[in-house]
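Chemist: sequence first, then the predicted structure, then my questions.
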Amino acid sequence: MDWQPDEQGLQQVLQLLKDSQSPNTATQRIVQDKLKQLNQFPDFNNYLIFVLTRLKSEDEPTRSLSGLILKNNVKAHYQSFPPPVADFIKQECLNNIGDASSLIRATIGILITTIASKGELQMWPELLPQLCNLLNSEDYNTCEGAFGALQKICEDSSELLDSDALNRPLNIMIPKFLQFFKHCSPKIRSHAIACVNQFIMDRAQALMDNIDTFIEHLFALAVDDDPEVRKNVCRALVMLLEVRIDRLIPHMHSIIQYMLQRTQDHDENVALEACEFWLTLAEQPICKEVLASHLVQLIPILVNGMKYSEIDIILLKGDVEEDEAVPDSEQDIKPRFHKSRTVTLPHEAERPDGSEDAEDDDDDDALSDWNLRKCSAAALDVLANVFREELLPHLLPLLKGLLFHPEWVVKESGILVLGAIAEGCMQGMVPYLPELIPHLIQCLSDKKALVRSIACWTLSRYAHWVVSQPPDMHLKPLMTELLKRILDGNKRVQEAACSAFATLEEEACTELVPYLSYILDTLVFAFGKYQHKNLLILYDAIGTLADSVGHHLNQPEYIQKLMPPLIQKWNELKDEDKDLFPLLECLSSVATALQSGFLPYCEPVYQRCVTLVQKTLAQAMMYTQHPEQYEAPDKDFMIVALDLLSGLAEGLGVHVEQLVARSNIMTLLFQCMQDSMPEVRQSSFALLGDLTKACFIHVKPCIAEFMPILGTNLNPEFISVCNNATWAIGEICMQMGAEMQPYVQMVLNNLVEIINRPNTPKTLLENTGRLTSPSAIPAITIGRLGYVCPQEVAPMLQQFIRPWCTSLRNIRDNEEKDSAFRGICMMIGVNPGGVVQDFIFFCDAVASWVSPKDDLRDMFYKILHGFKDQVGEENWQQFSEQFPPLLKERLAAFYGV
């Protein structure tokens with residue numbers, strides 16, 4: 001006899017389900033308490049499944065809700081269900097998967113996959129065979145319900161299904177699914193493709209064995225009438241392009257033709273899936289070869305997809321021009337993540353390629369959902385990077401029509417196109433920019449807000465070129481107009497202008513110094529005008545300005561303008577307010593730039609940072625001891641505070657000494673350096689290095705405790721932590737001098753191991769004009785260790801000299817490089833044999849100096865001539881034959897060898 005409910009109990013459960021659909025919050029609270037009570041009764045879950053599967057007299061929403069509450073219970077404590085209850089639920093699910101209501105079928109499907117994901121796939125061996133069996137049912141509802149459940153299981157447990165743990169059920173399931181590609185119901189066809197699609201990316205063996213049948217079946221469904229089926233076909237082809245391109249190549253021409261049609265599908269979801277194909281194809285080596293002849297068709301399609309749709313414009317309130325007085329709703333504000341401070345070295349290379357703004361390929365935040373416009377723009381961007389100038393003949397004729405079009409929506413899409421190709425087609429666009437940039441600057445005062453905002457973004461993509469021209473040509477007019485847009489009446493435009501201005505600041509750097517007064521007036525005025533979300537972006541623009549102009553900001557009139565509003569915000573915010581993150585980051589940049597100019601403001605800022613660190617550590621401690629009573633703290637508060645302290649130490653230099661003397665920061669730092677979270681350690685080591693430079697008298701008493709911790713963090717698995725720890729050790733060396741001796745062995749072996757890691761360039765030739773290799777910081781620290789303790793480090797010279805030289809040849813002359821090279825010269829003095837085999841690398845590293853100090857140049861001179869005299873003229877001639885011509889010239893000119 002199977003389980004039967006008690007009538008009174010059933011009524012109680014039904015009443016609860018009705019109440020929980022009430023919008024009243026008080027009722028909701030009562031419902032939550034009641035649920036807690038009822039969950040004490042083991043057979044409460046039987047009532048829930050009973051309402052879902054048997055009570056056909058009840059309305060569907062109530063039945064479905066009963067199933068969803070049951071699903072949450074399964075999620076939370078399925079392990080403690082008594083076996084009869086669990087069995088009853090499982091049986092009911094399988095018996096009723098073919099319910100007449102599609103909502104109930106879907107709810108049962110969700111319940112089944114939730115049970116399956118609780119480790120029950122192994123414990124419920126009849127589940128998969130029964131569901132597969134039900135697919136053969138003549139009854140449409142049963143077949144569809146079983147397929148819906150299978151699709152959810154495939155989504156949630158794809159790895160497990162392709163493992164020995166379950167005896168490889170896919171060997172049966174995949175051929176079974178493939179049979180249903182030809183089913184008469186579109187819903188079933190769609191389920192079948194969606195199920196198989198789950199296994200493409202992991203290259204499940206059972207699918208690879210049937211790959212040709214799968215592709216054949218997909219082609220057969222290419223022109224299916226049902227949009228959901230077409231969408232799944234497109235999705236499958238996009239994934240196959242990534243994992244089994246070998247199988248698609250023979251058909252590539254027709255696949256591309258098909259995708260060109262689908263990218264224009266009247267169903268936007270299908271068009272979006274198809275548009276992903278171009279993004280994926282661009283990453284494949286064969287892209288250029290297979291796509292070149294189709295660009296003439298593809299480019300107009302992508303450009304057409306970049307227009308706002310009518311629904312986009314409604315969602316973006318595109319007809320609302322002025323909304324600056326409307327407060328932001330909290331969900332408008334994306335959570336921000338603070339990036340911990342990383343120590344970097346000045347590079348030789350002008351600017352890294354692959355600039356990071358490829359990510360922000362558009363600026364419709366309200367549509368942060370991926371859509372056809374964004375996908376088309378991203379595809380055009382990556383294709384511009386593949387085809388470069390070859391794209392332009394297909395684009396330029398279109399662009400002219402778009403950019404000067406009377407309809408604003410068309411004109412807007414033209415400006416987006418121009419921004420999307422900026423990175424890839426820059427060279428080819430240069431001849432047109434003198435005419436285009438003034439036109440775009442004019443668009444900054446268009447009457448439509450969406451045109452003004454996209455013009456900000458596109459101009460920022462050409463900022464590098466603008467800055468390379470004489471400032472009066474384009475920089476000045478662009479800056480003047482962008483500053484007006486920062487004070488626009490429309491919030492979206494304010495945001496776009498602020499972001500664009502930050503990019504311009506990064507490119508222009510000190511070119512902005514003559515206009516600082518005007519820039520600060522605008523940014524400070526915006527403080528009084530902006531709503532919540534844009535304030536956060538304004539902090540970023542101010543911080544970037546400080547980074548870009550540096551000490552030029554340290555003028556009384558500028559400080560008078562900038563600091564009062566920042567400090568006012570600082571005082572308004574509570575310690576637990578996340579808006580502190582961007583404000584602290586901004587202040588960190590400002591403190592570093594203002595140097596002594598920040599002194600009047602430093603005391604309260606310093607104290608609060610120390611308090612934030614202390615509070616977070618205390619909270620973490622309580623949470624570790626009593627996790628059931630306390631919440632885990634948000635450690636970002638501590639990370640940002642440590643970074644601002646670094647900014648203060650760097651900016652104030654020796655002046656930070658009194659602040660450190662009056663606080664317990666060294667004790668707190670000792671704890672932070674041992675935190676479990678890598679980002680906390682990363683910021684701690686940056687601060688340790690900055691304090692070492694600024695006020696070593698407070699660091700020195702802690703060295704014996706700190707050094708072992710630094711040693712254990714020389715682990716390249718956490719590269720930023722490792723770099724910052726390495727840098728701090730180097731700074732400590734310079735302060736400790738010979739007293740560093742007891743600690744050399746603690747760190748030296750790890751540093752030598754790091755510098756020899758395979759990711760560091762091995763030969764001279766492949767390392768020309770590269771950015772600093774990751775081993776530059778370890779190389780400087782090894783050099784500094786050798787400078788203060790040559791006797792201890794020199795014996796290992798041979799183990800690191802080659803990577804040491806290759807990683808420092810690309811760093812500009814600076815203090816750090818100077819101390820490191822003095823160290824290497826002293827070590828060669830102690831152990832000249834250690835450098836003999838790799839002397840050519842040493843010669844090359846010496847030649848990388850543009851203007852070494854006189855005494856360092858003498859050290860180089862002595863070593864080079866000493867080596868030459870040692871081997872004799874004839875051998876030296878043979879040896880120097882290996883030098884690249886440039887190296888030969890430099891050594892002859894500077895050192896006469």
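Modeler: Received it, and whenever you're ready, just let me know what you need.
Chemist: give me the low-pLDDT residue ranges for this structure?
Modeler: 1, 120, 331-341, 343-368, 759-775 (pLDDT under 70).
Chemist: one more time with 80, if that's ok
Modeler: 1-3, 42, 119-122, 163-167, 317-321, 325, 329-369, 758-775 (pLDDT under 80).
Chemist: show me what the longest helix seen in it is packed against.
Modeler: Within the chain, and with DSSP state H defining each element, the longest helix by residue count is helix 599-625. Counting contacts by 3 or more Cβ pairs under 8 Å, 6 or more residues apart in numbering; DSSP states H and E, helix 599-625 packs against helix 556-572, helix 580-594, helix 636-652, helix 657-661, helix 665-672. Where C-beta positions appear, they are placed from N, C-alpha and C, glycine not excepted.
Chemist: now the fourth one: buried residues?
Modeler: Buried residues in helix 657-661, counted by 16 or more other Cβ atoms under 10 Å: Glu657, Leu659, Val660.
Chemist: repeat that for the first one.
Modeler: The neighbour-count check on helix 556-572 (16+ other Cβ under 10 Å) flags Tyr558, Ile559, Lys561, Leu562, Met563, Pro565, Leu566, Lys569, Trp570 as buried.
Chemist: name the nearest residue to the second one, sequence neighbours excluded.
Modeler: In space, and not counting its chain neighbours, Ile559 is closest to Gly597: 5.2 Å by Cβ to Cβ, 6 or more residues apart in numbering.
Chemist: so what's the one you found up against?
Modeler: Leu553, Asn554, Gln555, Pro556, Ile559 (Cβ atoms under 8 Å, 6 or more residues apart in numbering).
Chemist: any idea how many residues pack against the third one?
Modeler: The number of residues packed near Gln555 is 15, by other Cβ atoms under 10 Å.
Chemist: so who does the nearest residue to Gln614 once chain neighbours are set aside touch?
Modeler: Spatially, and ignoring its direct neighbours in sequence, Gln614 is nearest to Leu668 (6.1 Å; Cβ to Cβ, 6+ apart). For Leu668, the contact set (Cβ under 8 Å, 6+ apart) comprises Val610, Val613, Gln614, Leu617.
Chemist: who wins on neighbours among the residues you listed?
Modeler: For those, the largest neighbour count, defined by other Cβ under 10 Å, is 27 neighbours, found at Val613.
Chemist: from Glu557, how far out is the nearest residue to Pro556 once chain neighbours are set aside?
Modeler: Spatially, and ignoring its direct neighbours in sequence, Pro556 is nearest to Gly597 (7.9 Å; Cβ to Cβ, 6+ apart). Between Gly597 and Glu557 the distance is 11 Å, computed by Cβ to Cβ, to the nearest Å.
Chemist: just Ser329 next, same as before
Modeler: Applying Cβ to Cβ to Ser329 and Glu557 gives a distance of 38 Å.
Chemist: try Ile115
Modeler: Distance from Ile115 to Glu557, counting by Cβ to Cβ: 69 Å.
Chemist: and for Phe44?
Modeler: According to Cβ to Cβ, Phe44 stands 72 Å off from Glu557.
Chemist: show me what the one helix or strand Ala502 maps to is packed against.
Modeler: Ala502 is part of helix 491-508 when elements are defined by DSSP states H and E. Counting by 3+ Cβ pairs under 8 Å, 6+ apart, the packing neighbours recorded for helix 491-508 are helix 449-461, helix 463-468, helix 475-486, helix 532-549.
Chemist: out of those helices, which one sits most buried?
Modeler: Most buried of the helices and strands packed on helix 491-508, by mean neighbour count (mean count of other Cβ atoms under 10 Å): helix 449-461, with a mean of 26.
Chemist: so what's Met859 up against?
Modeler: Applying Cβ under 8 Å, 6+ apart, we find Met859 in contact with Phe821, Arg822, Cys825.
Chemist: no no, Arg54
Modeler: Arg54 touches Glu92, Asn96, counting by Cβ under 8 Å, 6+ apart.
Chemist: pretty sure Phe199 is in a helix, no?
Modeler: No. Counting by DSSP: H, G, I helix; E, B strand; the rest coil, Phe199 is not found in a helix; it is coil.
Chemist: can I assume it is in contact with Asp209?
Modeler: No. Under the criterion of Cβ atoms under 8 Å, Phe199 makes no contact with Asp209, lying 11.3 Å away.
Chemist: circling back to that earlier point, can you give me the angle the longest helix of the chain makes with helix 580-594?
Modeler: 140 degrees (axes from the mean of the first three to the mean of the last three Cα atoms, to 10 degrees).
Chemist: re earlier: please say which of Phe199 and Asp209 ends up with more neighbours.
Modeler: Set Phe199 next to Asp209 and count neighbours by other Cβ under 10 Å: Phe199 wins out with 24 against 14.
Chemist: okay, now Ile245: neighbour count?
Modeler: Neighbour count for Ile245, taken as other Cβ under 10 Å: 16.
Chemist: list the contacts of it.
Modeler: Here Ile245 is in contact with Gln284, Ile286 (Cβ under 8 Å, 6+ apart).
Chemist: relative to Gln284, how far out is it?
Modeler: Taken as Cβ to Cβ, the span from Ile245 to Gln284 is 6 Å.
Chemist: what does Pro471 give?
Modeler: 43 Å.
Chemist: one more: Ile559?
Modeler: 54 Å.
Chemist: tabulate the contacts of Met859 (CSV), appending distance to Asn385.
Modeler: Below are the contacts of Met859 laid out as CSV (distance: Cβ to Cβ, whole Å):
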residue, distance to Asn385
Phe821, 38
Arg822, 43
Cys825, 44
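Chemist: all helices of the stretch 201-350 of the chain, in order?
Modeler: With helices called from DSSP state H, counting those that start in this stretch, the stretch 201-350 of the chain shows them at 205-209, 211-220, 227-243, 245-248, 252-262, 268-282, 287-291, 295-305, 310-315.
Chemist: between the ones you listed, which one is nearest to Leu538?
Modeler: helix 310-315 (25.0 Å; Cβ to Cβ).
Chemist: now Gln268: closest residue in space that isn't a chain neighbour?
Modeler: I think there's a mix-up here, since residue 268 is Glu and not Gln. Spatial nearest neighbour of Glu268, excluding adjacent residues (Cβ to Cβ, 6+ apart): Leu372 at 5.6 Å.
Chemist: ok, now which ones touch the one you found?
Modeler: Glu268, Ala271, Leu272, Cys275, Gly305, Ser309.
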